[in-house]
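In: no sequence on hand, only this structure:
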């Protein structure tokens, strides 16, 4: 096995795709992280070796488990297979920074081959790199390549074949010498390491010294941190000396590799940046790009979502028909389980795929082209008010379409603390599943106009819900950022990488992997949740017709309702979910809700918009959507035994506030479990959002009543 | 002077990086070591973060973070 390493944005994915062409990449997920390591087969003449694509890194000293992945995979730590050697992909323009990583690898004695990429980009800036001189100074084979055009790849394959054949000829040892003091310190630190880590030599001690301030980025073996700190404290700033010694060596040799120093002349990227980062054109472009991404998620995904829903509806019908016209009661239960539980459940997983695919396609394009870094740079100042970095913008914006792809999109954020904070507040953004709920409530309960008020009331109420959710999201981010996740370090650093033409192959590859990931990892939980919710609203089986009284029938006929559907509604009341709705009534009554709304809230755990069809069932109208006039009329007319209305505008407002704030989406929780690495944070999100929703609705309803809006 | 005081177009040489922790280490490892030339480019439309060219790369740093880097002109 050979591993491919290098700085971010040096074209590593493109090279990986070019070297492993034909073979489908396998994704492996390192325990304790959400980092994907791609593996593929690379042909070397008549033999094949496995090639691992390790996430881009500037250094072997990492600050998060994600960055630590590089070291673990390279050295075969924590039970990983140890690669026979490494291919370092260096960037011809930013050569010293790339070779800084090479020096660290040589210190560790890991067999190495270097490929210098982006020679064409360097040439465009008037830089030529003498790869033979780099090879001479570093003592390992160096090949000049262009991953995009395929130039030099045959020579690279030959170099890798030679590496596999004789790894020991590729470990020339450290190129630079440490000061006597530092050599002593590294020896001391090495002696303090657990035995398996000592074996990696003083080079590994150097990594440990550099990573000492990064609590998350440590090997699984327990380190004696206080003793190592004490050793470092006796030395004058070992971190600076470690890094500086390497860069001194690089800067001393760089003139051998390049005729001219890196010029500050204006590059193509600078000229593009003059427009992209301009206060006026840059802001307009940013708004345009973000509108495009949002429109894609919000509107373009719709036809595909509809198609998936229709397809599963059709399959469900066909399968249901196989059970015959009038199956026995037992067989009817099996039929309903298969059609509504299983087929419906699989449908409710796949229905997320259009938005996930579109979002990751756009993120891939934006990331690869270099714009995503600029977008983060442009909004950094704004998001800092919420205690978040600029990189949180695209995930938060996506939350207004759907929290599931939005939470997955936080993977593009480098610091886990920021990722987690973004994930904790994304469920508060107004996702599109809340829209049908709001539409139904507003249309049924709020007047179109109020006398003396010039604007249409209903659109304003809807707008107010969006503003409210945005406000709460920002507030929650500030509060949770302070209380639950205080930043250990708030410094932000964004590299504005050069603009490049994105590779469609790389972008589609990541789109495909993310979609697959979702189905494999969140799919099971979503399916189980759908089946459980189905069973809760289905069992115990009661024939609603037995519950019909002449009074109910007369009332149903008077309101123009179908008696069979009313009977089904009565059966629903007897189900587990229906009984829970009744049981929780004392808890939700102070919010203005009755037990029927309680059933709707329970049904909404499958997906918030299910509230609408559940309320339809409760009121005896099957397959109702938010545009259903009969359902709107039923809601507006419901009265309590004392004749007062069940649904008033105040109840509607309280219910909308509840839906805005409550964590009622099992799919979001399923994705959170995966992306936050455990159950603790999903449980936290569920608790804080439910508490926030209850308290807010309580205040809305009670204060509204005191003010006379009851 | 500190890095945030460089005007657009001005070049300085890095003297030292104050502060502690992983941010300092990251800046160092990106090549911001003593003696390295760094040129201020511009800023984001809202005036912050600031952009710099160093070792052929363009880095954006928040104004408050740029203060930890000591430069000489």
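Out: Happy to help now that I have it. This is a predicted model, so every value here is computed, not measured.
In: the strand ranked longest in chain A: how far from the chain's middle?
Out: Scanning chain A for the strand with the most residues, using DSSP state E, yields strand A:36-44. Strand A:36-44 has its average C-alpha position 24 Å from the chain's average C-alpha position, going by Cα atoms, centre = their mean, to the nearest Å.
In: cool, stretch B:32-43 as well?
Out: 5 Å.
In: now swap in stretch A:682-696 and tell me
Out: Computed by Cα atoms, centre = their mean, the separation of stretch A:682-696 from the middle of its chain amounts to 21 Å.
In: in which helix or strand would I find the residue lying closest to residue A:148 once chain neighbours are set aside?
Out: Nearest residue to residue A:148 in three dimensions, chain neighbours excluded: residue A:14, at 5.9 Å (Cβ to Cβ, 6 or more residues apart in numbering or on different chains). Backbone N, C-alpha and C define where each C-beta goes, glycine included. Assessed by DSSP states H and E, residue A:14 sits inside helix A:12-19.
In: next: residue A:344.
Out: Per DSSP H and E: helix A:344-350 holds residue A:344.
In: which residues sit against the helix holding residue A:14?
Out: Helix A:12-19 is contacted by residues A:4-6, A:25, A:38, A:40, A:42, A:51, A:53, A:56, A:89, A:115, A:117, A:145, A:147-148, A:150, A:153, A:156-157, A:503, A:505-506, A:509-510 when judged by Cβ atoms under 8 Å, 6 or more residues apart in numbering or on different chains.
In: returning to what we had before: and the residue nearest to residue A:148, how many neighbours?
Out: Neighbour count of residue A:14, defined by other Cβ atoms under 10 Å in any protein chain shown: 21.
In: tell me the pLDDT of it.
Out: On the pLDDT scale, residue A:14 is placed at 89.
In: that one and chain B, how far apart?
Out: To chain B, residue A:14 is 19 Å away according to Cβ to the nearest Cβ, to the nearest Å.
In: what's the helix holding residue A:344 packed up against?
Out: helix A:301-321, helix A:523-536 (3 or more Cβ pairs under 8 Å, 6 or more residues apart in numbering or on different chains; DSSP states H and E).
In: not counting its own residues, what contacts the last one?
Out: Around helix A:523-536, the neighbours that count as contacts under Cβ under 8 Å, 6+ apart are A:337, A:340-342, A:344-346, A:348-349, A:575-577, A:580, A:602-603, A:605-606, A:666-667, A:669-670, A:673.
In: who does the next helix or strand after it touch, helix- and strand-wise?
Out: Sequence-wise, the next helix or strand downstream of helix A:523-536 (DSSP H and E) is helix A:550-558. Packing partners of helix A:550-558 (3+ Cβ pairs under 8 Å, 6+ apart): helix A:563-574.
In: residues of the helix it packs on that come out buried?
Out: Going by neighbour count (16 or more other Cβ atoms under 10 Å in any protein chain shown), the buried part of helix A:563-574 is A:565, A:566, A:567, A:568, A:569, A:570, A:571, A:572, A:573, A:574.
In: let me have the residues you listed in a markdown table, extended by distance to residue B:3 and pLDDT.
Out: As requested, these are exported to a markdown table (distance: Cβ to Cβ, whole Å; pLDDT from 0 to 100):
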| residue | distance to residue B:3 | pLDDT |
| --- | --- | --- |
| A:565 | 71 | 84 |
| A:566 | 73 | 84 |
| A:567 | 75 | 84 |
| A:568 | 70 | 82 |
| A:569 | 69 | 83 |
| A:570 | 73 | 86 |
| A:571 | 71 | 85 |
| A:572 | 66 | 86 |
| A:573 | 68 | 86 |
| A:574 | 71 | 88 |
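In: next, format those residues as TSV and append distance to chain B.
Out: Below are the buried residues of helix A:563-574 laid out as TSV (distance: Cβ to the nearest Cβ, whole Å):
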residue	distance to chain B
A:565	57
A:566	59
A:567	62
A:568	57
A:569	55
A:570	60
A:571	59
A:572	54
A:573	56
A:574	59
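In: which one among those residues gets closest to residue A:268?
Out: Distance to residue A:268 across the buried residues of helix A:563-574 (Cβ to Cβ) is lowest for residue A:572, with 64.2 Å.
In: what bits of the stretch 401-550 of chain A have low per-residue confidence?
Out: Where the stretch 401-550 of chain A drops to pLDDT under 70, the residues are A:488-489.
In: helices of that one, start to end?
Out: Along the stretch 401-550 of chain A, counting by DSSP state H, counting those that start in this stretch, helices occupy A:403-409, A:416-425, A:434-445, A:457-483, A:504-521, A:523-536, A:550-558.
In: check the stretch 1-150 of chain A too.
Out: Ranges of helices within the stretch 1-150 of chain A are A:12-19, A:65-75, A:95-108, A:119-124, A:131-138, based on DSSP H, counting those that start in this stretch.
In: so what are the structural domains in chain A, by residue number?
Out: A:2-170, A:180-236 (automatic domain parsing).
In: among those, which is nearest residue B:9?
Out: Across those, closest to residue B:9 is domain A:2-170 (Cβ to Cβ), at 18.8 Å.
In: what distance separates the opening and closing residues of that closest one?
Out: In domain A:2-170, first residue to last residue: 13 Å (Cα to Cα, to the nearest Å).
In: for residue B:1, give its distance to residue B:66.
Out: According to Cβ to Cβ, to the nearest Å, residue B:1 stands 11 Å off from residue B:66.
In: ok so, going back, how far out from the middle of the chain is the helix holding residue A:14?
Out: How far helix A:12-19 lies from its chain's middle: 24 Å, per Cα atoms, centre = their mean.
In: could you give the angle of it to helix A:504-521?
Out: Angle between the axes of helix A:12-19 and helix A:504-521 is 100 degrees (criterion: axes from the mean of the first three to the mean of the last three Cα atoms, to 10 degrees).
In: between helix A:12-19 and strand A:36-44, how big is the angle?
Out: Helix A:12-19 runs at 40 degrees relative to strand A:36-44, counting by the same axes, to 10 degrees.
In: among the domains of chain A, which is the most enclosed?
Out: Neighbour counts (mean count of other Cβ atoms under 10 Å in any protein chain shown) averaged over each of these peak at domain A:2-170, with a mean of 20.
In: show me which residues of chain B sit near chain A.
Out: Within reach of chain A by Cβ under 8 Å from any Cβ of the partner chain, chain B has these residues: B:11, B:17, B:20-31, B:33-36, B:39, B:41-42, B:44-49, B:51, B:53, B:55-62, B:65, B:68.
In: apply 6 Å and report the result again.
Out: Counting by Cβ under 6 Å from any Cβ of the partner chain, the residues of chain B close to chain A are B:21-23, B:25, B:28-29, B:31, B:33, B:39, B:44-46, B:48-49, B:55-60, B:62, B:65.
In: partner strands of the longest strand of chain A, parallel or antiparallel?
Out: Using DSSP bridges, the strands paired with strand A:36-44 are strand A:26-29 (antiparallel), strand A:47-53 (antiparallel).
In: what distance do you get for the closest residue to residue A:646 other than its chain neighbours to chain B?
Out: Closest residue to residue A:646 in three dimensions, ignoring its sequence neighbours and counting by Cβ to Cβ, 6+ apart: residue A:638, at 3.9 Å. Using Cβ to the nearest Cβ, residue A:638 is found at 51 Å from chain B.
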